[in-house]
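Enquirer: okay, sequence plus prediction incoming.
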Amino acid sequence: MTATDDTTLLEVPPKLKSAEAQPLHEMLADRRGRPVALDFAAVTQLGTQCLQVLAAAHQTWQAEGTPFEIRNMSDEIRDGLLPCGLQPAQIGAKEAQHDA
């Protein structure tokens, strides 16, 4: 965990499966009301329960006017959201940065 400006940057486990949903929820609940960014650089799997936690957190932070974002999401994880009917922005993911 690192802090940049007022935003806390949180590292998350590479495999966000059902067993990680409760710890992810608790980690975010502890930081409610404060700007948060999640570093997804190492994430290779994102299960539906963790996806639900992220969607709810993004919605909560947005309703409260507090910054919430997911950084460094891989194209594979982004593409995996589409069958769930979600766009990356709906869970706080920043647009993919591609070199020209």
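Expert: Nice, I can see it.

Enquirer: centre-most residue in the chain?
Expert: residue 70 (4.2 Å; CA atoms, centre = their mean).

Enquirer: show me the contacts for residue 90.
Expert: For residue 90, the contacting residues are 55, 58, 81, by CB atoms under 8 Å, 6 or more residues apart in numbering. (Glycine included, C-beta is placed from N, CA and C.)

Enquirer: just residue 15 next, same as before
Expert: Residues near residue 15 by CB under 8 Å, 6+ apart: 43, 44, 45.

Enquirer: ok, and the closest non-adjacent residue to residue 41?
Expert: residue 72 (3.9 Å; CB to CB, 6 or more residues apart in numbering).

Enquirer: with adjacent residues omitted, what lies nearest to residue 6?
Expert: With CB to CB, 6+ apart as the measure, residue 35 is the residue that lies nearest to residue 6, at 5.1 Å, once sequence neighbours are left out.

Enquirer: the one you found contacts residue 67, doesn't it?
Expert: Yes. Applying CB atoms under 8 Å, one finds residue 35 in contact with residue 67, separated by 4.0 Å.

Enquirer: give the residues shared as contacts by those two.
Expert: Shared contacts of residue 35 and residue 67, counting by CB under 8 Å, 6+ apart, come down to residue 7.

Enquirer: can you tell me the element the residue nearest to the centre of the chain falls in?
Expert: For residue 70, the enclosing helix or strand under DSSP states H and E is strand 68-71.

Enquirer: give the next helix or strand downstream of that strand.
Expert: Heading C-terminal from strand 68-71, the first helix or strand you meet, by DSSP H and E, is helix 75-81.

Enquirer: show me the contact partners of that following helix.
Expert: When contacts are defined by CB under 8 Å, 6+ apart, helix 75-81 is touched by residues 40, 43, 44, 46, 51, 87, 88, 90, 91, 93, 96.
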